[in-house]
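**Q** My questions are about this predicted structure, shown below with the sequence.
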Amino acid sequence: MRGVLADAALARIPAKALSLLASLRGERRILIRLDGSIAWARWDAPGPDVIRALLPAAGAQFFEPAGDGWRPCGRLIHVLSVPTDGFLPLESVLLPAASAQAIPAPALPAAVAFSLVPLATPQPGSALFCSAADLAAWADLAPQRDFETLRGARSGGSVLVMGVSELPTVQGRRFWGERLLVPLGFGPHPDLPESTLLEALEVPGDCLAIATQSALEIVPLNAFAPLTRASVRLGAA
C-alpha cells in the first residue's frame, strides 16, 4: 500500500513555519496563501520534497484532491472545505533572507511494512460502506429483525454499517474484520493477528481502522450508533 501522504497536494501549517520551504523558494509550482497566523501551501502532486520539508511544522495537516474539493490524507469519508483563491508564488511570500534560516528536514521515519494482497480464502463481510439514500431504500422494506445487530456511522451522504450477521443487501463497498476493516477479496500483509497489526499501525484502542489500497482511515468507535429504520430515514433526509 502506498504511503498515506502519497497524493498530498495541499498543507495547512503555522505561518511562522514557512521558513521550512526556504530551500524550495525557486519552485514556481508551490503556491502559498496567508490567512493570519495560518498558511496554506499548495503544489502540483506528487511533491515528496514539499512534504518532507513541511513534516516538522507543528500541527501540519495534509490534504489530497477529492472531486471538486479536498480531504485530509488517509481519510475515506471526510471531505472538508478549504480555500481555493488568494494563493501566491512561494518566492513572493518568503523574504530572500529566509533561505539562510532554512531548517533541515529530518529523515522520514521508517514506514510500517503493511499492504493488501489478494486473499485465497473468502471471509464473511462485517461492514458495508454505502450511500445513505440506498440504505434508506433498503430500510423501507427490511423486516425489523434485520436491524437488531447493525450499527452505523454517517458522514455527509455516506454510511458505514457494521453487523455480526447479515449486512444490508445494498450496493456499496464491503469489508471484513473486527477493528481492522479490509476490502472483501483482500487480506493484510504481513498475515499477523489483527491486534498486532493495530498496534503496529498505532490505531488507538477506542478506534477502528479502514484499510484500502491507498489509505488507512481511523474512525472512533463512539461514532457508531444502533441502526434503526427511523435513524436511516433521518440520515437520508
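**A** Happy to help now that I have it.
**Q** Walk me through the domains of this structure.
**A** Domain segmentation of the chain under automatic domain parsing yields 10-84+91-101, 116-236.
**Q** got JSON lines for those, with distance to Val4 too?
**A** The way it works is simple: take the backbone N, C-alpha and C, and place the C-beta from them, glycine included. Output for the domains of the chain, formatted as JSON lines (distance: least, Cβ to Cβ, whole Å):
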{"stretch": "domain 10-84+91-101", "distance to Val4": "4"}
{"stretch": "domain 116-236", "distance to Val4": "6"}
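**Q** Can you add mean neighbour count and give those domains back as TSV?
**A** Listed next are the domains of the chain as TSV, based on neighbours: other Cβ atoms under 10 Å:
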stretch	mean neighbour count
domain 10-84+91-101	17
domain 116-236	16
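**Q** and these, which one's lowest on average pLDDT?
**A** The stretch with the lowest mean pLDDT among the domains of the chain is domain 10-84+91-101, at a mean of 80.
**Q** What strand or helix carries the nearest residue to Val93 once chain neighbours are set aside?
**A** Excluding the flanking residues, the one nearest Val93 by Cβ to Cβ, 6 or more residues apart in numbering is Ile32, at 4.4 Å. Per DSSP states H and E: Ile32 is located in strand 31-35.
**Q** Now the spatially most central residue of the chain. Nearest residue, chain neighbours left out?
**A** For the chain, Arg75 is the residue whose C-alpha lies nearest the centre (Cα atoms, centre = their mean; 1.3 Å). Distances taken as Cβ to Cβ, 6+ apart place Glu217 nearest to Arg75, at 5.2 Å, with adjacent residues excluded.
**Q** what's in contact with the helix or strand hosting the one you found?
**A** According to DSSP H and E, Glu217 maps onto strand 216-220. Residues outside strand 216-220 that contact it (Cβ atoms under 8 Å, 6 or more residues apart in numbering): 1, 4, 74-77, 114, 153, 160, 201, 203-204, 206-210.
**Q** Direction included, what does it pair against?
**A** When pairing is defined by DSSP bridges, strand 216-220 lines up against strand 207-211 (antiparallel).
**Q** Dump the strand it pairs with to PDB, restricted to CA.
**A** What follows is strand 207-211, C-alpha atoms only, in PDB (Å, rounded to 0.1, in the frame of the first residue of the first chain):
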ATOM      1  CA  CYS A 207     -11.000   3.400  17.300                       C
ATOM      2  CA  LEU A 208     -11.100   1.100  14.300                       C
ATOM      3  CA  ALA A 209      -9.200   1.400  11.000                       C
ATOM      4  CA  ILE A 210     -10.400   1.100   7.400                       C
ATOM      5  CA  ALA A 211      -7.700  -0.100   5.100                       C
END
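**Q** Please enumerate residues in contact with it?
**A** Contact partners of strand 207-211, identified using Cβ under 8 Å, 6+ apart, comprise 1, 76, 114, 116, 129, 160, 175, 178-183, 188, 198, 201, 203, 216-221.
**Q** mind listing which of those are in helices?
**A** Under the assignment DSSP state H, the contacts of strand 207-211 contribute Leu198 to helices.
**Q** Surely the residue nearest to the centre of the chain is in contact with Thr212?
**A** No - at 10.7 Å, Arg75 does not count as touching Thr212 under the criterion of Cβ atoms under 8 Å.
**Q** residues near the closest residue to Pro65 other than its chain neighbours, how many?
**A** Distance criterion Cβ to Cβ, 6+ apart; nearest residue to Pro65, sequence neighbours excluded, is Ala9 at 6.2 Å. Using other Cβ atoms under 10 Å, Ala9 is surrounded by 20 other residues.
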